[in-house]
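Q: Have a look; sequence and predicted model below, questions after that.
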Amino acid sequence: MSDIKIDGKEYKKEKMTDEQVTVVTKLANIQQTKNNLLSQVQDLEILSEFWVKKFKETNPVEEQKEEESKKE
């Protein structure tokens, strides 16, 4: 673990208590998990768009027109 900056103030690891080092380590783990989850969400959005496009490609235009006619 390295130094950390919180609210614009930098804290040096060598000046931290053991408890502070533990808290900073937990914060770093939380941030890493958050970053990983955000990346996974982006990947899932891309996959979702791909499969919607794939569905539309497999759905004949005639079926789409029939469905639109029924709505009118």
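A: Done, it's in.
Q: counting contacts, what elements does whichever helix in the chain runs longest pack onto?
A: In the chain, with assignment by DSSP state H, the single longest helix is helix 18-58. For helix 18-58, the packing partners by 3 or more C-beta pairs under 8 Å, 6 or more residues apart in numbering; DSSP states H and E come out as strand 4-6. Quick note: C-beta positions are derived from backbone N, CA and C, even for glycine.
Q: Now the element after the strand it packs on, going C-ward?
A: strand 9-11 (DSSP states H and E).
Q: How about residues contacting that following strand?
A: 3-5, 20, 24 (C-beta atoms under 8 Å, 6 or more residues apart in numbering).
Q: What pairs with it, parallel or antiparallel?
A: On the basis of DSSP bridges, the sheet neighbours of strand 9-11 come out as strand 4-6 (antiparallel).
Q: Can you say which two of the contacts of strand 9-11 are spatially most distant?
A: Pairwise distances across the contacts of strand 9-11 (C-beta to C-beta) peak at 13.9 Å, for the pair 5 and 20.
Q: Neighbour count: those two, which is higher?
A: A side-by-side neighbour count of residue 5 and residue 20, using other C-beta atoms under 10 Å, places residue 20 first with 13 against 8.
Q: Just the pLDDT at the more buried one, thanks.
A: Here the pLDDT value assigned to residue 20 is 93.
Q: For it, give its distance to residue 58.
A: Going from residue 20 to residue 58 by C-beta to C-beta, to the nearest Å gives 57 Å.
Q: repeat for residue 3
A: The value you get for residue 3 to residue 58, if C-beta to C-beta is used, is 54 Å.
Q: I appreciate the help and will end here.
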